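S.K.: With the sequence up front, the predicted model follows.
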Amino acid sequence: MTDMPRCLVLLLGCWLVLAGDALAKGVTSISTSPALTSRQTWRIHVRPSSPCQGNVVELEVTCPLGSSIEATFQGYPLEFFTWKQGGPWVALIGVDLQTPARVHRIRVVAKNGKGDVRTLNLGLPLRPGKFRVQKLKVAPRMVRPAQENKERIEKEAVLVKAILSGVSGRKFVGSFLRPVAGALTASFGGRRVFNGVERNPHAGVDLRGSVGTPVQVPAHGTVVLARELYFAGRCVIVDHGLGLFTQYGHLSRILVQEGQELRPGEVLGRIGKTGRVTGPHLHWGATLRQARVNPMDLMHLSAPPAPVSPSLPDGDKDEDEDEDDEL
Ligand SMILES: [Zn+2]
């Protein structure tokens, strides 16, 4: 594998030899019982090899007893799957941008149908994210909303939280597409100071694009929200399964409906500047088991390319109509 140098590799068939090396890389303890034969080995790859706050971490496991595997991270069960038939087990770990930067324990348990159990205790060291301070000027009502808007804002927050807490079956089958080609204009995790008042960190990235630019769906999923929100403006949230959701904010137009099944490459809406914005752009966010993660990480999974829908973005054919939305 070409990315082997970046990965932690543990061969527990000779774990006594490797334990020192593993500990040096942050694996805090290893326990197996009874003693494994050379054919019963664990292989663990962690990508990225030195993760930080806000990362989507890919944990790849080949275990000694093949029939089932379980693990938890921060109290959440990890959902294991394979990118291809016969391939190693993979779980995506969402590391929230404010998860403490320290070593986190992951206990992996492998079982077979005969009652044999093997466990592996990993320590995943997390580096602090390098998050910038962003000073932004927006309409005063977007920093200190009027009393009549507070109820709406609270209701929307409850709705979005309930949606993002759902866990459905896996829909994504490969790595994710970039929703628009535009450059990054605001990075993930920035500490946001609106009109001199510090607010929640930037739980997504901003991608450049003029009003009307088509936004494509990066992976298979179901639309679970398609409506206008106070801060996010016209917004779409897509459920990709296993607790992974992506969000698209400040759209000028929404072109999908709640409940609709989407394929990679389909157009879900058009870039705009609705909600709390300083100008037109796409806000692209992602959450995994409610952890706010960097959506750009989804484009670098060790997955096969997903089959792209034939209905690719169709240009700006109704640009004139979108210009009206700028007002
Ligand atoms: Zn944003």
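M.R.: Right, received. Where do you want to start? Numbers count the residues shown, from 1 in each chain.

S.K.: and the residue nearest to S165 when sequence neighbours are not counted, how far is that from Q247?
M.R.: Closest residue to S165 apart from its sequence neighbours, by CB to CB, 6 or more residues apart in numbering: Q290 at 6.0 Å. Heads up, the C-betas are built off the backbone N, CA and C, glycines and all. For Q290, the distance to Q247 equals 13 Å [CB to CB, to the nearest Å].

S.K.: Same check on Q260?
M.R.: Q260 is 16 Å from Q247, by CB to CB.

S.K.: Who has more neighbours out of these two?
M.R.: Using other CB atoms under 10 Å as the criterion, Q260 and Q247 rank with Q247 on top: 22 against 16.

S.K.: mind checking the SS state of R152?
M.R.: helix (DSSP: H, G, I helix; E, B strand; the rest coil).

S.K.: So what's the residue count around the residue lying closest to it once chain neighbours are set aside?
M.R.: In space, and not counting its chain neighbours, R152 is closest to Y230: 5.7 Å by CB to CB, 6+ apart. For Y230, the count of nearby residues is 18 (other CB under 10 Å).

S.K.: Contact partners for Y230?
M.R.: Y230 is in contact with P145, N149, R152, I153, E156, G275, R276, counting by CB atoms under 8 Å, 6 or more residues apart in numbering.

S.K.: Widest-spaced pair of those?
M.R.: Farthest pair in the contacts of Y230 (CB to CB) is R152 and R276. Separation: 13.5 Å.

S.K.: Those two - which one has more neighbours?
M.R.: R276 (23 against 12).

S.K.: Verify the assumption that the more buried one is located in a strand.
M.R.: No: per three-state DSSP, R276 lies outside any strand segment and is coil.

S.K.: Low-confidence bits of this structure, can you list those?
M.R.: For the chain, applying pLDDT under 70 flags the ranges 1-40, 65-66, 309-327.

S.K.: Relative to the ion, how far out is the residue nearest to R152?
M.R.: Between Y230 and the ion the distance is 15 Å, computed by CB to the ion, to the nearest Å.

S.K.: And for A291?
M.R.: Taking CB to the ion, one finds A291 at 17 Å from the ion.

S.K.: Test of understanding: give the bridge partners of that residue.
M.R.: A291 forms beta bridges with L288, as assigned by DSSP bridges.

S.K.: Which residues of the stretch 201-327 of the chain lie near the ion?
M.R.: Residues of the stretch 201-327 of the chain lying close to the ion by CB under 5 Å from the ion are G204, D206, H283.

S.K.: Most neighbours of all these, which one?
M.R.: Neighbour max across those (other CB under 10 Å) = G204, 27 neighbours.

S.K.: separation between the residue of the stretch 51-200 of the chain found nearest the ion and A286?
M.R.: Residue of the stretch 51-200 of the chain nearest the ion, by CB to the ion: A186 (5.5 Å). Computed with CB to CB, the distance linking A186 and A286 is 15 Å.

S.K.: Neighbour count for these two, which is higher?
M.R.: Comparing A186 with A286 by neighbour count (other CB under 10 Å), the higher total belongs to A286, at 27 against 18.

S.K.: surely that one meets F245?
M.R.: Yes: counting by CB atoms under 8 Å, A286 touches F245, with 6.8 Å between them.

S.K.: which of the contacts of Y230 lies closest to F194?
M.R.: Looking across those and measuring by CB to CB, the closest to F194 is R276, at 7.7 Å.
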